[in-house]
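Peer 1: curious how this folds, go ahead:
(chains A and B)
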Amino acid sequence: MLVNVPGPWSPLLGRLALSEIPYKNLILAPLFVVIVLVAIALIAGITYYGKWRYLWKEWFTTVDHKKLGIMYIILGLVMLFRGFIDGLMIRTQQALAVGPGNNGMKAMGAIHGYLTPFHFGQIYSAHGLIMILLAATPLLVGIMNIIVPLQIGARDMAYPYLNALGFWITAAAVFLIMISLFVGDFSHNGWFGYAPIFEMAYSPGVGVDYWIWTLELIALGTTLGSINFLATVVKMRAPGMTWGRLPVFTWSAVTANIIALTSFPCLQVALALVAADRYLGTHFFTAGFGGNLMLYTNLFWLWGHPEVYFVIIPAFGMLSEIIPAFSEKPIFGYTAMVLATFAIGGVSWIVWLHHFFTMGMGPYVSTEFSIATMLVGIPTGVKVFNWAATMYRGRLSFSAAMTWAIGALFLLLIGGLSGMMLSIPAINYMVHNSVFVVAHFHMMLLCIVYAVFGAVIFWFPKIYGFKLNEAWAKIMFWLFSGGTFLVFFPMFMLGFMGETRRLDWPFNPQWAPWFDVQEVGIFVYVLSVLAFVWMLYVSIRDRSQNRVHSADAWGTSRSLEWLTDTPVPFYNFAMVPHINARDEVAWRREHGFLESNPDHFKAIHMPNNTPMALYIGATTFVLGFALTWRIWWLSIAALVLSVLLMIFRSNRGDPGYVISAREMEELDRESKAHMQEKPALPLPQGGFAGGTATAYSPLPHNNSPSGGTPPSSGQAL
Amino acid sequence: MSHGHSNPIHHPEVQMASRRNYLTGFVIASLLMFAATWLVSAQALAPFGLLLAIMGCAGFAVIAQVYFLLHIDISEHNIWNTVALVMFIPLFVITIGLTWWMFSQLYLRTMPMIPGMPGMH
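Peer 2: Here you go, the predicted model:
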């Protein structure tokens, strides 16, 4: 029944052996030492400051949507960094390997550049998988997690415990792909996998198994999350929050999660069939024995294309919140915007075949999918024009968040137009599998990254109560944009020059100058990463200066999340507000309701923290690891344990706890006082050049009110 | 905030759970799966007939699971489930239909036409 694996296998450890740990690899071994040292320092630091209890009680066992969202974002940023390092290695390999001559680093066993083709294959596979599913998806889910309940006036998600479970299963996937760095290999056949290369006969190692179970776990986590989002928006809206008043970001979250809920099962099925091929010896995707390797490509992209829109639509939603706030205008064409979002979501289901136009299904099928793909341009165009019209004659302020949002629009333009080119089968036949395609989808994914950075800067003060440093955020923006330009414009050119994807050895020496430009670009990206870290450091250092003392951090914000206290208390709203208009905060500002406090409070019911989600997440990690290494007893044990934990939790349930109206009033007073208090100590200031000290100029003789009139025309009004 | 009726046992969806339904659904789905497995491993039918037979098994298994395990019917208190189901039908038609069409065109161009194995077109 089970497939015989090549190489040793023992009942106790499966395929796991000491030789699977690449301690001779000149890159991984030092990296492993560094990571172990950092981990020891981290553990020692937490122990020294006695923070374990705090971490456990406040973070690891939390069911609070804001804290889970923050953990999602931290997870996403860490994986964004890991994926970026992979990108840096890819660029360096190509820059070193191109050109004539025998330029391989023999110490690494490479004939060209410094990486062997097998190692290079693992790096680009990990780069793709990490960036789409473990960086972009957690970042977007994290921001939705924080913002959607606040925007609809809910106290938490509909299922707080399910939310925690989704997070910890996602974290399990992250741990699984990270451990593949140091124990065994990762998949080398691209992030989406090629049939039949992932079959046992061609990939006998554990890399593909790591890939399968990482994807299965992330798919499970995201599906759970999407159910939760939909239930939250349908059931948990504040009184008066009709569908027509829902903020555009929440609408985009609804669309994205409908896509996720309907499409992720396709991925799970496709990968379960791959797993059946590899573990049970079935022949779903082999060329012989009745299998069909084209079926895999079809099934994968049946999920893959909706997934692409699952990540771009929340980014559109973020732009739709940032741009009106810094244009001081309501979003132009709200209804058109919402309909366009849904149109993109709907069309996402009928375009998947454009990922393999060249497979050979002929002109009729290609025409249908080509036209469907071009249709995407219509709602996207509507959105772009709506954003432009929102800015038109608005009072624009180019804060850092707005700068990132506008940058995202430019990338969307380039990515969208190159996408229109690719949607034409005739062009697709010319450039398919070239780096032109790679450059195109990097434009789209970087559009998401720009929107995410904009959203992080925009919503950061809401969560932490202080703003990020504007100057460094802009420096980071320009460095990041410089890197984007220098890496991806040469990539478009190389695509036209015929460079195919994933070359460990770019064989044409005439490409060399472009690779050098790209290498410079990736180092500009490195500078932008440093600028990001420095921005965080400066912002945290100067947090008392950048404190926000009102609910609305920017003064021009529009939707409901800006109504509650800053930073948001754990209960979100002391009293759930009644919604009167589409942009509730803007409406209240205009009608003078912004400062009105509730005159009565109600008792509220909150969920208890639980470590159960963390335990179940841990068992899914063990399950994934054990299945990868074919340790059957451990797989069964982990599976049984996770089911037992679920039954235990379901039987016990969670009665939650109640905060009485009186306590609520007290909490609200404290929160408001905390928000409005000014720092008692004098702020640290830079030095100043001396001079005479005059706080205010002496009282003028005529007692006219000093308005905006210049002193020369200072007559009595 | 709908925490007024916090006891989940009283929700209508939970009230519809019954051991007999779960067991019926499980037994029917298992039997259909075993039938399909036996049909394939014993090669009891010609390839195209086999294809139709296991598709039929899969279709009945889906209906059994939807009805017995997920309790989806068209009654009033199940309205959200019905909405979800209605939304799912066009997706099902699109994905299966377009896949079928694509493969029929693909097989025309890429597969050897073996007599007795008419493929999917």
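
Peer 1: show me what the helix or strand hosting residue A:490 is packed against.
Peer 2: For residue A:490, the host element (DSSP states H and E) is helix A:470-496. On a contact count with 3 or more CB pairs under 8 Å, 6 or more residues apart in numbering or on different chains; DSSP states H and E, helix A:470-496 meets helix A:400-422, helix A:435-464, helix A:512-541. (Glycine included, C-beta is placed from N, CA and C.)

Peer 1: would you list the ones you listed in JSON lines and tack on distance to chain B and mean neighbour count?
Peer 2: Output for these, formatted as JSON lines (distance: least, CB to the nearest CB, whole Å; neighbours: other CB atoms under 10 Å in any protein chain shown):
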{"stretch": "helix A:400-422", "distance to chain B": "18", "mean neighbour count": "21"}
{"stretch": "helix A:435-464", "distance to chain B": "20", "mean neighbour count": "24"}
{"stretch": "helix A:512-541", "distance to chain B": "35", "mean neighbour count": "17"}
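
Peer 1: of all those, which one is nearest residue A:589?
Peer 2: With respect to residue A:589, and counting by CB to CB, the nearest of the helices and strands packed on helix A:470-496 is helix A:435-464 at 16.2 Å.

Peer 1: ok and that closest one relative to helix A:400-422, angle-wise?
Peer 2: Interaxial angle of helix A:435-464 relative to helix A:400-422 (axes from the mean of the first three to the mean of the last three CA atoms, to 10 degrees): 150 degrees.

Peer 1: tell me the mean pLDDT for helix A:435-464?
Peer 2: Helix A:435-464 comes out with an average pLDDT of 95.

Peer 1: next one: the residue nearest the centre of chain B from residue B:69, what distance?
Peer 2: Closest to where the C-alpha atoms of chain B average out (CA atoms, centre = their mean) is residue B:62, at 2.6 Å. To residue B:69, residue B:62 is 11 Å away according to CB to CB, to the nearest Å.

Peer 1: longest single helix anywhere in the chain?
Peer 2: No chain specified, so I'll use chain A. For chain A, the helix with the greatest residue count under DSSP state H is helix A:293-327.

Peer 1: wait, chain B was what I had in mind.
Peer 2: Criterion DSSP H: the longest helix present in chain B is helix B:79-110.

Peer 1: related to what we said a few turns ago, what's the closest of the helices and strands packed on helix A:470-496 to residue A:112?
Peer 2: If you check each of those against residue A:112 by CB to CB, helix A:512-541 wins as the nearest, at 12.4 Å.

Peer 1: can you name the next helix or strand after that closest one?
Peer 2: Next helix or strand after helix A:512-541 toward the C-terminus (DSSP H and E): helix A:584-591.

Peer 1: which parts of chain A sit against chain B?
Peer 2: Residues of chain A found near chain B (CB under 8 Å from any CB of the partner chain) are A:154-155, A:234-236, A:258, A:262, A:266, A:294-295, A:298, A:302, A:349-350, A:353, A:359-362, A:364-365, A:368, A:576, A:604-605, A:653, A:655-656.

Peer 1: buried ones in stretch A:578-589?
Peer 2: Across stretch A:578-589, burial judged by 16 or more other CB atoms under 10 Å in any protein chain shown covers A:579, A:582, A:583, A:584, A:585, A:586, A:587, A:588, A:589.

Peer 1: endpoints of that stretch, how far apart?
Peer 2: End-to-end distance for stretch A:578-589: 15 Å, by CA to CA, to the nearest Å.

Peer 1: residues contacting residue A:570?
Peer 2: Neighbouring residues of residue A:570 by CB atoms under 8 Å, 6 or more residues apart in numbering or on different chains: A:64, A:66, A:606.

Peer 1: swap the cut-off to 6 Å and go again
Peer 2: Residue A:570 sits next to residue A:64 when contact means CB atoms under 6 Å, 6 or more residues apart in numbering or on different chains.

Peer 1: how about stretch A:286-293: buried residues?
Peer 2: A:286, A:291, A:292, A:293.

Peer 1: so how far is it off the chain centroid?
Peer 2: Distance of stretch A:286-293 from the chain centroid (CA atoms, centre = their mean, to the nearest Å) equals 36 Å.

Peer 1: got a list of contacts for that stretch?
Peer 2: Stretch A:286-293 is touched from outside by A:195, A:196, A:199, A:283, A:284, A:285, with contacts defined as CB under 6 Å, 6+ apart.

Peer 1: for the first one, phi and psi?
Peer 2: With angles defined as degrees, to the nearest 10, residue A:195 shows backbone torsions of phi -80, psi 140.

Peer 1: next, count neighbours for it.
Peer 2: Per other CB atoms under 10 Å in any protein chain shown, the neighbour tally for residue A:195 reads 23.

Peer 1: that one contacts residue A:296, correct?
Peer 2: Yes. Look at residue A:195 against residue A:296 with CB atoms under 6 Å: they come within range, at 3.9 Å.

Peer 1: can you list residues touching both of those two?
Peer 2: The contact sets of residue A:195 and residue A:296 overlap at residue A:285 (CB under 6 Å, 6+ apart).

Peer 1: how close does the nearest residue to residue A:136 once chain neighbours are set aside get to chain B?
Peer 2: Among residues not flanking residue A:136 along the chain, residue A:311 sits closest, at 4.8 Å (CB to CB, 6 or more residues apart in numbering or on different chains). To chain B, residue A:311 is 19 Å away according to CB to the nearest CB, to the nearest Å.

Peer 1: same question, residue A:108
Peer 2: Residue A:108 is 40 Å from chain B, by CB to the nearest CB.

Peer 1: pretty sure that residue contacts residue A:116?
Peer 2: No. Under the contact definition of CB under 6 Å, residue A:108 does not touch residue A:116, with a separation of 7.0 Å.

Peer 1: chain A: strands as residue ranges?
Peer 2: A:604-606, A:657-659 (DSSP state E).

Peer 1: low-confidence ranges, chain B, go.
Peer 2: Low-confidence segments of chain B (pLDDT under 70): B:1-8, B:12-13, B:113-121.

Peer 1: who in it is up against chain A?
Peer 2: B:3, B:91, B:94, B:95, B:99, B:102, B:105, B:106, B:109, B:110 (CB under 6 Å from any CB of the partner chain).

Peer 1: burial of the third one, as a residue count?
Peer 2: Read it as residue B:94. The number of residues packed around residue B:94, counting by other CB under 10 Å, is 14.

Peer 1: look up how far residue A:68 lies from residue A:270.
Peer 2: Residue A:270 sits 28 Å away from residue A:68, taking CB to CB as the criterion.

Peer 1: ok, now residue A:332?
Peer 2: To residue A:68, residue A:332 is 33 Å away according to CB to CB.

Peer 1: then residue A:437?
Peer 2: Using CB to CB, residue A:437 is found at 35 Å from residue A:68.

Peer 1: centroid residue for chain A?
Peer 2: residue A:139 (2.3 Å).

Peer 1: in chain B, which spans are helices?
Peer 2: For chain B, the helices defined by DSSP H occupy B:12-15, B:19-41, B:47-64, B:79-110.

Peer 1: distance from the longest one to the middle of the chain?
Peer 2: Mean C-alpha position of helix B:79-110 versus that of the full chain (CA atoms, centre = their mean) differs by 12 Å.

Peer 1: repeat that for the second one.
Peer 2: For helix B:19-41, the gap between its own C-alpha mean and the chain's C-alpha mean amounts to 12 Å (CA atoms, centre = their mean).

Peer 1: for that helix, list every residue counted as buried.
Peer 2: Residues of helix B:19-41 classed as buried: B:25, B:28, B:29, B:32, B:35, B:36, B:39 (neighbour count, 16+ other CB under 10 Å).
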